[in-house]
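A.B. asks: return atomic coordinates for the entry below.
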Amino acid sequence: MERREFLGGLAAAPAAVLSAGWDEAGQSRRRAEIYALHQRDCGPKFDDHGVWIADSTAPGGRERLWHAISLLKSDATRAKANAIIARTFEMRNRKEFQWTFSHFEFTASVQILAADKGELTAGNRELLSSLVRETFARKGAIRWLGYNDNFPAMELVVAVLGGEMFHDDSAVQRGIDSMRALLDYFESRGLLSEYTSSTYSPVTLLCISNVAEYARHAEARRLALQLERRIWLDVATRFHAPTNILAGPHSRAYSVDSVGHLHQIHMLFYQAFGEKLWLNPKRFMFPPIEHQEIHHDGDVPFMQCSTVWIASGTYHPTGEIERLAFQKPFPFHVTGTTEHGTATGMVMSRDSSGKFVPTQEVMEYQGGECVTTTYMTPDYAVGSATVQMHDGNQTDAFFVNFRRSPRPASIKETGTIYCRYCVNEDRPGYPWSDPRSAEPHPSRDILADAGRVRAVQKDGTVLALYQAKAQFLDDYRALRLTVVLPAFYRDLKRVEFDAKDGVVWVEDDFLYAAFRPLILTNHGRKEVVRVEKDRGFYAIQFVNYEGPARRFSRKALLETCNGFVAELGSSAEDATFDKFRAKVMSGVVSDETAAGHRITSYRRPGVRLDLCHTLYYSQLKHILVDGKPQPRPLFAYSGAKKPSV
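C.D. replies: Presented below is the predicted three-dimensional model:
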């Protein structure tokens, strides 16, 4: 069966027949529950005139509309919801918002209109309608270019549903053409460019499911249902049911995603599958628990209204998708290909005022293909990507999630591991500022990666090669790779560097891990490897430089190598930690630079990994697994009848 035939088969039956594949009544019930919790917690934060009166951060335009989605559905809060909408447009006219209205506000407007059952005032219906009609001025193709896929997804739902509402056939056709283009993309790639994202995969699914649910155009519904289920396969196969965490790698992740706490993926899964998910918003958002990571620097109302937004959708997963999410046979393997667009920018240098300013040198983070690999056991999951998405700021190119109790039922009983190249004082748990911003706004939402990574994996073994990013020329006081292990509720049993072995050993009740450093270019340091704990995060630091402020050239930064071999195991796989240690110590690492290349290999019985790339332009020369080119199936997972699907 060809890919297009497979996808077509998912959506060829009439909607009445296909509805048996998802719990429509349960979704309606869960949506009402979330709305009621939101109305209880967030309704009182607005006065009767739609003014935000709480002490927390005032919501922007999109958040105000997300609040209204829920508040419109209750007799007790409907008048307030209409006041919120009306005031939102008044605030827009007075230019009181930080951001101009764009995809998020357009999408929320068409969603509110599509779900309206007479709750909107006539004035608000016209305000929302006029905002949707603004989008019809856009006539160009809605394209999928390898960047933030949630944006074309938002644009197509407005085009299709808005076009139908206001009889603009060209807008409807524009949305249909976009879906056909995405279907064509899936002929050559297995995953979206913005793949396996706990934040953004649910946004894309929400928008496409809206078309499948509300569109009157039969072809639009058919295409949307095909695409929705195709994207469901990504998150279902990567979902690790024992920990309720979306396994890596992740194209784009915020801190809340990297630590494995509740975010939009969990609202999506709760809305679709209900109480099978213990990490659900009823337990962990209304209200959150102590020490829980909250997006937007602790802005609980923001997360509560974004939960409402995801809950507003009706989703259409099949029974097979549900089985893949919750009843995987372990061990479980997933491999898929994606592609990402280039990120072109200017090399920047800090001036006398302390701000980064562009130089005359153009640089490029290359676009291209990425292969993602995930290996899961009941105890842990480990995933890696051959390269980061875009500039790599948000990519979890190496990610581990693991259980900390026999049957986890709380975020206190799960753990994660991820890594970032860090400069100067940057570290997990502290605010990070984007050096590209003229007016930096420090935030804990993201610890951006200051390095570039290439990785290759076989089962629980990952070879990860890092180098400094070299976009920002600065007087650096520290250059180091940081492997991050959040431990907000209790310490791990062991996180220690054995100088004799040259390995950092990690042990917990259901996880064994070892990190063997590769070349750690020495620009001056007192320690090569350091383990510390601060603000609830263990940080394993592989140090390239620590000392007085020192200006590094772009060439010197690109020649700054770092990285590790990671070995993952457990008592179920290795019996004892001593046997795991012996397995790790049987491995042999070779890592060198020659003629502008970095040439790295790792060998132990049963595993052989090789990776070679150029230092200055990051061209991949080869990736080998067991002496052969790394497999590159479009999308394959354990038990798939046809690996291509």
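A.B. asks: where does Arg216 fall, secondary structure wise?
C.D. replies: Arg216 is part of no helix or strand when elements are defined by DSSP states H and E.
A.B. asks: does it touch Leu161 like I think?
C.D. replies: No: Arg216 lies out of contact with Leu161 (C-beta atoms under 8 Å); the separation is 9.2 Å. Just so you know, the C-beta spots here come from the backbone N, C-alpha and C atoms, and that holds for glycine as well.
A.B. asks: look at these two and report which has more neighbours.
C.D. replies: Legend: neighbour count by other C-beta atoms under 10 Å for Arg216 and Leu161, higher for Leu161 (28 against 11).
A.B. asks: OK, contacts around that one?
C.D. replies: By C-beta atoms under 8 Å, 6 or more residues apart in numbering, the residues touching Leu161 are Val110, Leu113, Ala114, Asn210, Val211, Tyr214, Ala215.
A.B. asks: the stretch 251-400 of the chain: helices as residue ranges?
C.D. replies: Remark: helices assigned in the stretch 251-400 of the chain by DSSP state H, counting those that start in this stretch are 255-258, 264-273, 281-284, 295-298, 300-311, 319-326.
A.B. asks: now Ala68: how far from Ile294?
C.D. replies: 22 Å (C-beta to C-beta, to the nearest Å).
A.B. asks: the more surrounded of those two?
C.D. replies: Taking other C-beta under 10 Å, Ala68 and Ile294 do not tie; Ala68 has more neighbours (30 against 19).
A.B. asks: my read: the more buried one touches Ile84, true?
C.D. replies: Yes: Ala68 lies in contact with Ile84 (C-beta under 8 Å); the separation is 5.0 Å.
A.B. asks: please pull up the helix or strand immediately following the worst-scoring helix or strand of the chain on mean pLDDT.
C.D. replies: When the helices and strands of the chain are compared on mean pLDDT, DSSP states H and E, helix 15-18 comes out lowest with a mean of 36. Sequence order places helix 24-42 as the next helix or strand after helix 15-18, per DSSP H and E.
A.B. asks: buried residues in that next one?
C.D. replies: Neighbour counts over helix 24-42 (16 or more other C-beta atoms under 10 Å) mark Gln27, Arg30, Arg31, Ile34, Tyr35, Leu37, His38, Gln39, Asp41, Cys42 as buried.
A.B. asks: show me what it is packed up against.
C.D. replies: With contacts taken as 3 or more C-beta pairs under 8 Å, 6 or more residues apart in numbering; DSSP states H and E, helix 24-42 sits against helix 61-71, helix 264-273, helix 281-284, helix 300-311.
A.B. asks: tell me the mean pLDDT for it?
C.D. replies: What helix 24-42 shows for mean pLDDT is 97.
A.B. asks: and the helices and strands packed on helix 24-42: which comes nearest Phe326?
C.D. replies: For Phe326, the closest of these is helix 264-273, at 7.1 Å, according to C-beta to C-beta.
A.B. asks: can you give the distance of the closest one from its chain's centre?
C.D. replies: With C-alpha atoms, centre = their mean, to the nearest Å as the basis, helix 264-273 stands 15 Å off its chain's centre.
A.B. asks: need the contact partners of that helix.
C.D. replies: By C-beta under 8 Å, 6+ apart, helix 264-273 touches 22-23, 27, 30-31, 34, 198-203, 205-206, 235, 239, 244, 246, 257, 276-277, 279-282, 284, 306-307, 310-311, 313, 315, 317, 322, 325-326.
A.B. asks: which among those end up buried?
C.D. replies: Taking 16+ other C-beta under 10 Å as the criterion, what is buried in the contacts of helix 264-273 is 22-23, 27, 30-31, 34, 198-203, 205-206, 235, 239, 244, 246, 257, 277, 279-281, 284, 306-307, 310-311, 313, 315, 317, 322, 325.
A.B. asks: any weak-confidence spans in the chain?
C.D. replies: Counting by pLDDT under 70, the chain shows low-confidence ranges at 1-21, 641-645.
A.B. asks: quick one: furthest residue from the center of it?
C.D. replies: Note on the chain: the largest C-alpha distance from the chain mean falls to Ala122, namely 38.7 Å (C-alpha atoms, centre = their mean).
A.B. asks: what distance do you get for that residue to Gly429?
C.D. replies: As judged by C-beta to C-beta, Ala122 and Gly429 stand 50 Å apart.
A.B. asks: the helices in the stretch 51-200 of the chain, which residues?
C.D. replies: Going by DSSP H, counting those that start in this stretch, the stretch 51-200 of the chain shows helices at 61-71, 78-93, 103-115, 122-134, 150-157, 163-165, 169-185.
A.B. asks: how about the ones you listed in a markdown table, adding distance to Tyr380?
C.D. replies: Shown next, in a markdown table, are the helices of the stretch 51-200 of the chain (distance: least, C-beta to C-beta, whole Å):
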| stretch | distance to Tyr380 |
| --- | --- |
| helix 61-71 | 35 |
| helix 78-93 | 44 |
| helix 103-115 | 35 |
| helix 122-134 | 46 |
| helix 150-157 | 29 |
| helix 163-165 | 47 |
| helix 169-185 | 32 |
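A.B. asks: of all these, which one comes closest to Phe399?
C.D. replies: helix 150-157 (20.1 Å).
A.B. asks: at the geometric centre of the protein, which residue sits there?
C.D. replies: Centre-most residue of the chain, counting by C-alpha atoms, centre = their mean: Ser197, 2.7 Å.
A.B. asks: could you double-check that that one lies in contact with Ala253?
C.D. replies: Yes: between Ser197 and Ala253 a contact is recorded at 6.8 Å, counting by C-beta under 8 Å.
A.B. asks: list the buried residues in the helix or strand hosting Ala539.
C.D. replies: For Ala539, the host element (DSSP H and E) is strand 537-551. Neighbour counts over strand 537-551 (16+ other C-beta under 10 Å) mark Phe537, Tyr538, Ala539, Ile540, Gln541, Phe542, Val543, Asn544, Tyr545, Glu546 as buried.
A.B. asks: okay, those residues in a markdown table with distance to Ser601 next?
C.D. replies: Putting the buried residues of strand 537-551 into a markdown table (distance: C-beta to C-beta, whole Å) gives the following:
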| residue | distance to Ser601 |
| --- | --- |
| Phe537 | 31 |
| Tyr538 | 29 |
| Ala539 | 28 |
| Ile540 | 23 |
| Gln541 | 25 |
| Phe542 | 19 |
| Val543 | 24 |
| Asn544 | 21 |
| Tyr545 | 26 |
| Glu546 | 29 |
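A.B. asks: what's the closest of those residues to Gly627?
C.D. replies: Minimum distance to Gly627 across these is 27.7 Å, recorded for Phe542 (C-beta to C-beta).
A.B. asks: excluding sequence neighbours, find me the nearest residue to the closest one.
C.D. replies: Leu481 (4.4 Å; C-beta to C-beta, 6 or more residues apart in numbering).
A.B. asks: next up, the contacts around that neighbour.
C.D. replies: Cys419, Arg420, Tyr421, Cys422, Gly451, Tyr466, Gln541, Phe542, Asn544, Asn562, Gly563, Phe564.
A.B. asks: any chance of the helices of the stretch 251-400 of the chain in CSV, with distance to Asn522 too?
C.D. replies: Listed next are the helices of the stretch 251-400 of the chain as CSV, based on distance: least, C-beta to C-beta, whole Å:
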stretch, distance to Asn522
helix 255-258, 29
helix 264-273, 41
helix 281-284, 44
helix 295-298, 36
helix 300-311, 43
helix 319-326, 46
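A.B. asks: list just the one of the ones you listed that sits closest to Trp505.
C.D. replies: Nearest of the helices of the stretch 251-400 of the chain (C-beta to C-beta): helix 255-258, 22.1 Å.
A.B. asks: and the closest one, C-alpha only, in PDB?
C.D. replies: Output in PDB follows, covering the C-alpha atoms of helix 255-258 (Å, rounded to 0.1, in the frame of the first residue of the first chain):
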ATOM      1  CA  SER A 255      11.500  24.500  29.900                       C
ATOM      2  CA  VAL A 256       8.100  23.100  30.900                       C
ATOM      3  CA  ASP A 257       8.500  20.500  28.100                       C
ATOM      4  CA  SER A 258      12.100  19.600  28.800                       C
END
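A.B. asks: fine by me, we can end here.
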